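**Q** Would you be able to build a 3D model of this:
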Amino acid sequence: MTISTLAVALVAPFAGLVSDRWGRKRIIVLSTLLLALPTLLAATSANFADLVFWRFCQGFLTPGVSAVTVVYINEEWLTGAGIAMSAYVSGTVLGGFVGRSLAAVAAAHFAWQWTFIVLGALNVLGALAIWRWLSEERQIGCRDSEGMGSAMWRHLHNPQLLATYVAGFCILFSLLGTFTYINFYLSERPFGLSTGAFGLIFVVYLWAPPLRRWQVPGSIAWDTAWSFPGRCSCRSLVA
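**A** Residues are numbered from 1 along each chain as shown. Here you go, the predicted structure:
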């Protein structure tokens, strides 16, 4: 988790610049498709160093999807951008839960390599779905990216933005620390959880979106997407 997040942090500031040059949708589709490559190659890892390398490559490509999609939504949704962004965040949270759960189930019943094979296949399917259904942006081509350096300099001297960066760092740091350590802790006595049971730990992901629905009144898709899976997953965890 840590090495891929480090790669995301290194590349994310430049993802917008690349999409300015080549187009938002093109970068989103290409990044999603290319993500399948290191994901599938991770299944060929002969040692831990190989696995860490492919995980870094995954993080390197991730901002092309995550960061650029945020820009795409803000540019293309003239009205209802808040609801659209909430739906996108819902998808990322749900995807984080489903991906980790599928990985845990695959690793519990098959060789660990199948975890990456399944996730790599989902990357390919996701890229095809985005290519087919995501609308082309209205403005394609070179945007005003010449002032990127000066803009970043201004951002780093904006106290409100700096406070936001610190808050994001603390949240992500606690998330990584918790979910990295807790697996080792719960695998030992007296818990001794199996690999498949670890997937249920991420049920807590499903509680975040309902807590935010008051910020986006009238989001029917939000309620529909989260109320039923949340109840079912929590019952599975208790059982």
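**Q** Quick check on the residue located most distally from the centre of the chain: phi, psi?
**A** In terms of distance from the mean C-alpha position of the chain, residue 190 ranks first, at 32.3 Å (CA atoms, centre = their mean). Here is the backbone geometry of residue 190 (degrees, to the nearest 10): phi -90, psi 0.
**Q** Let me see the domain layout of this protein.
**A** As assigned by automatic domain parsing, the chain contains the domains 2-138+194-238, 159-193.
**Q** Let's have those domains in CSV, adding mean pLDDT and distance to residue 152.
**A** All C-beta spots, glycine's among them, are computed from the backbone N, C-alpha and C. Shown next, in CSV, are these (pLDDT from 0 to 100; distance: least, CB to CB, whole Å):
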stretch, mean pLDDT, distance to residue 152
domain 2-138+194-238, 80, 7
domain 159-193, 83, 10
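**Q** Could you identify which of those domains is most buried?
**A** With neighbours defined as mean count of other CB atoms under 10 Å, those peak in mean count at domain 2-138+194-238, which reaches a mean of 16.
**Q** measure residue 40 to residue 98 for me?
**A** According to CB to CB, to the nearest Å, residue 40 stands 19 Å off from residue 98.
**Q** what comes into contact with stretch 2-9?
**A** Residues outside stretch 2-9 that contact it (CB atoms under 8 Å, 6 or more residues apart in numbering): 52, 55-60, 62-63, 66, 172, 176, 180.
**Q** Now those in TSV, please, with extra columns for distance to residue 132 and secondary structure.
**A** TSV is the format used below for the contacts of stretch 2-9 (distance: CB to CB, whole Å; DSSP: H, G, I helix; E, B strand; the rest coil):
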residue	distance to residue 132	secondary structure
52	34	helix
55	29	helix
56	30	helix
57	26	helix
58	23	helix
59	26	helix
60	25	helix
62	21	coil
63	23	helix
66	20	helix
172	32	helix
176	34	helix
180	36	helix
